[in-house]
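Asks: This is a predicted model, with the sequence first.
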Amino acid sequence: QVQLVESGGGLVQAGGSLRLSCVASGSIFSINGMGWYHQAPGKARELVASITSGGSTNYADSVKGRFTISRDNAKNTVYLQMNSLKPEDTAVYYCNADGIRKVPWSRFNSWGQGTQVTVSS
């Protein structure tokens, strides 16, 4: 099993900042892509940002210039720095990772439990 645990969510005023963290643990051989998704009430889960093992990044248009994704491969950790937050950023944020696990030797694609981000106007 590969587990992902997010932290860093909370309540912030519009214009403020939050930093989300997600740590992967378990029988991990390697992690390829890591990413952050969000899901607002009544809406589908959407990609916010992703990063490859080599550091290439991809962002949703709605967060470009405001959010920054980064990762620490040695710590199996991905971060999401969120600046200039808007009320429409309010959602549950989920971490995702895919890669190879050792026991059993196979691919994995895992999700975290989610962390709530609420931006007040």
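Replies: Structure's in. What do you need? Residues are numbered from 1 along each chain as shown.
Asks: Could you pull up the residues touching residue 13?
Replies: 119-120 (Cβ atoms under 8 Å, 6 or more residues apart in numbering). No exception for glycine: its C-beta is placed from N, CA and C like everyone else's.
Asks: what about it, distance to residue 68?
Replies: 20 Å (Cβ to Cβ, to the nearest Å).
Asks: Contact partners for the closest residue to residue 1 other than its chain neighbours?
Replies: In space, and not counting its chain neighbours, residue 1 is closest to residue 26: 5.2 Å by Cβ to Cβ, 6 or more residues apart in numbering. With contact taken as Cβ under 8 Å, 6+ apart, residue 26 is in contact with 1-3, 101.
Asks: mind redoing it with 6 Å?
Replies: 1-3 (Cβ atoms under 6 Å, 6 or more residues apart in numbering).
Asks: Residue 3 is in contact with residue 25, isn't it?
Replies: Yes - applying Cβ atoms under 6 Å, one finds residue 3 in contact with residue 25, separated by 5.3 Å.
Asks: At the geometric centre of the protein, which residue do we find?
Replies: Taking Cα atoms, centre = their mean, the centroid of the chain lies closest to residue 36, which sits 2.7 Å from it.
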